[in-house]
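>>> Here you go, sequence then predicted model.
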There are 2 protein chains.
Amino acid sequence: MLPRRQRAITIAETAGAGTLVVVHPWVGTWLTGHVPEIESGPSPFALPPIAVLGSAGPPVLVVSDDEAEAAMATGCEVVAYPGFGIGPLDPVGAAARALAEVLDGTRVAIDAGTLPVALAAGLDWVDVGDELASARAVKDPDEVELIRAAISVCDEGQRAARAHAEAGITELELWAAVRGEMERAAGTRLPVVADLVTGLRTTEVGGPPSSRIIEDGDLVLCDLVPRVAGYWGDSCATFAVGEPSAAAREAHARARAVLVELVASIGPGTVAGDLDEMARARLEFPHHTGHGIGTGYHEEPRLVPGSTTVLEAGMVVAMEPGTYADAGVRVEQVVLVTTHGCEVLSGHDLGL
Amino acid sequence: MLPRRQRAITIAETAGAGTLVVVHPWVGTWLTGHVPEIESGPSPFALPPIAVLGSAGPPVLVVSDDEAEAAMATGCEVVAYPGFGIGPLDPVGAAARALAEVLDGTRVAIDAGTLPVALAAGLDWVDVGDELASARAVKDPDEVELIRAAISVCDEGQRAARAHAEAGITELELWAAVRGEMERAAGTRLPVVADLVTGLRTTEVGGPPSSRIIEDGDLVLCDLVPRVAGYWGDSCATFAVGEPSAAAREAHARARAVLVELVASIGPGTVAGDLDEMARARLEFPHHTGHGIGTGYHEEPRLVPGSTTVLEAGMVVAMEPGTYADAGVRVEQVVLVTTHGCEVLSGHDLGL
């Protein structure tokens, strides 16, 4: 398979465009290696980084001055416009003018779900958002290493969850310890998507940590999804504080057995929908059986009913069967599809 | 002054449009009270909430099923499309179709810096992004209460920073305690922008917490900006761990005196640029002297050189003079401009 930038430009060319212009952060990181801040929403000082990819040369990143140094470190070309400062603010106009200088007026392929109107004015564009999303499914080797690093941060978080969970503290207190350990491991603050629910809340499938006080005998369902250097890790475990109920033991054993079976079944040639069907025949759960991870935290291949996607070596898949009847349980591992089967990338404890 | 929704629709009408369509989260929260998730970037399952405001009736929120319940709680009308689920994903198409059903084909006013191309196809639009940003400067009374609540969370964070800062721990460890206390106070996870730098790093003006180990005699510069229920708080203090240097004492005294003077000078009729000039005559710093806060963490009125903006009662302004030569120091308070002067909303300790 071609490296990812060549796959991306082929998508643009197939759509009749010579240039790709994207602001979607997952696509931008995938194409350029530049990792934009996402945690605080749109900046008052800049538009999101704009990645411009032609058929020759490295991508061009159109960013504000504030991001120029980080953007240059990727090896991309950088065109910068004024950002944070004490002058008048006009990030939209400044970004649009900088982009116009980079483009040569030909037809462009874009991600129409994220590219703002202000950047598309005057452009002859075609939307390739779906094609780019699909193209991210098979990872280049450098991407696999970045995902490994993100998953090792998940492993630290799961270790911290077990170490700190105890009756009498709140979910939010446990969360602070878990996030703190992940950020210590990464050496920096991290964007994190996470479910952290305990006791009866586990039957609600997921949710953010709350002020609920953990009680003896509770289950803790901890699903950690940190972004580390632009790539998302993902991991889930469910464990008991004190002695779990018989129902919890039974549910956990069933979910874990299904995960073992999924890992044993996945490999090149496996059909995504077949894995989903296998899990859904043994457990009742309202969500997908699994999904790809990479610069996005939920991407192709999606293990959902009826999916005809055929798995290929180089895909990275999170599998997360669960059951939520009397006791909510979910267990998750991430695997790399290899030429003969798969390699489990997750290293966390799955025990109850 | 008219309530904010009426101000917004007047902006649209002045631009020749009968309807306003926005996806910018700050503008959307301001118009609807709906608070979208922002911390993890674009969702694979949905577009950002789309707020549609006409001249009569409540706004319409076009959101995915996952957000429908929260959207309905705002009292807005809600049009929902499929979100997280086990079927095929088409959030862009689904959102665009749902929006098309809501609109009646007339000319619309938009925020062109954030509205994605996919939602604008076929629309006759005019950009009012700058006008909407300016209109947010004067707060309605309910907004002031929300900002008070966000600032009380800042106060808790500043208290935690002083309580937990000690030689031998890392900035990231201190950060975990500070964020944890803010989230405990709010009862939920929070988006937070923050500078947390110590020792010589304070001379770099700001930055995220790192693995640096705090040493005896260090300054800690802690600037906390959490979003609580859709409104951002803001606060900064600089304090010493152990005995500060003479240079640090002198810098801190100067910055604090300027802040006192700014608070004494601000009121209706004050020109933003004059406040900036006053601070900049006494201290050297590379950033703004202050800025508005609300559904955005940096908005009008901006206290920057040359600004001719005249302050009005109901504006909420963060003022944050600093000095960064030998020791980096910044102190910040948020005030509400009142009919006669201002009310200080910040309650945190500003001492060294």
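All right, it came through fine.

>>> Up against chain B, what does the stretch 51-200 of chain A have?
When proximity is defined as Cβ under 8 Å from any Cβ of the partner chain, the stretch 51-200 of chain A approaches chain B at A:84, A:86-89, A:91-92, A:110, A:112-118, A:120-121, A:125, A:127, A:129, A:170, A:172-173, A:175-177, A:179-180, A:183-184, A:187-189, A:191-193. The C-beta positions use only the backbone N, C-alpha and C, and glycine is treated the same way.

>>> Among those residues, which ones are in strands?
Residues of those located in strands (DSSP state E): A:110, A:125, A:127, A:192-193.

>>> And the residues you listed, which is closest to chain B?
A:V193 (4.7 Å; Cβ to the nearest Cβ).

>>> so what pLDDT did A:A121 get?
As summarised for this prediction, A:A121 has a pLDDT of 84.

>>> What about it? Give its phi and psi, please.
Its backbone dihedrals place A:A121 at phi -60, psi 130, with angles given as degrees, to the nearest 10.

>>> quick one: contacts for A:Y297?
A:Y297 sits next to A:193, A:225, A:227, A:232, A:234, B:40, B:44 when contact means Cβ atoms under 8 Å, 6 or more residues apart in numbering or on different chains.

>>> if you set the cut-off to 10 Å instead, what comes out?
Going by Cβ atoms under 10 Å, 6 or more residues apart in numbering or on different chains, A:Y297 touches A:26, A:150, A:191-193, A:225-227, A:231-234, A:291, A:318, B:40-41, B:43-44.

>>> Centroid-nearest residue for chain A?
Central residue check for chain A by Cα atoms, centre = their mean: the C-alpha nearest the mean position is that of A:Y297, 1.7 Å away.

>>> Could you tell me the per-residue confidence at it?
98.

>>> so how far is A:T202 from it?
Here the distance between A:Y297 and A:T202 works out to 21 Å (Cβ to Cβ, to the nearest Å).

>>> And for A:V23?
Relative to A:T202, and taking Cβ to Cβ, A:V23 is found at 37 Å.

>>> How about A:D274?
Shown here: A:D274 relative to A:T202, a distance of 28 Å by Cβ to Cβ.

>>> higher neighbour count, the two?
With other Cβ atoms under 10 Å in any protein chain shown as the criterion, A:D274 and A:T202 differ in neighbour count, and A:T202 comes out ahead with 25 against 16.

>>> who touches that one in this structure?
In this structure, A:T202 makes contact with A:195, A:218-221, A:238, A:248, A:251, A:322, A:324, A:326-330, judged by Cβ under 10 Å, 6+ apart.

>>> Select, from these, the two members most distant in space.
With Cβ to Cβ as the measure, no two of the contacts of A:T202 lie farther apart than A:D195 and A:D326, at 18.4 Å.

>>> Any buried residues in stretch A:82-102, and which?
Within stretch A:82-102, the residues that qualify as buried are A:82-84, A:86, A:89, A:91-92, A:94-96, A:98-99, A:102, counting by 16 or more other Cβ atoms under 10 Å in any protein chain shown.

>>> I'd like to know which elements the helix or strand encompassing A:A80 is packed against.
When elements are defined using DSSP states H and E, A:A80 is found to belong to strand A:77-81. Judged by 3 or more Cβ pairs under 10 Å, 6 or more residues apart in numbering or on different chains; DSSP states H and E, strand A:77-81 is in contact with strand A:50-53, strand A:60-64, helix A:65-72, helix A:91-102.
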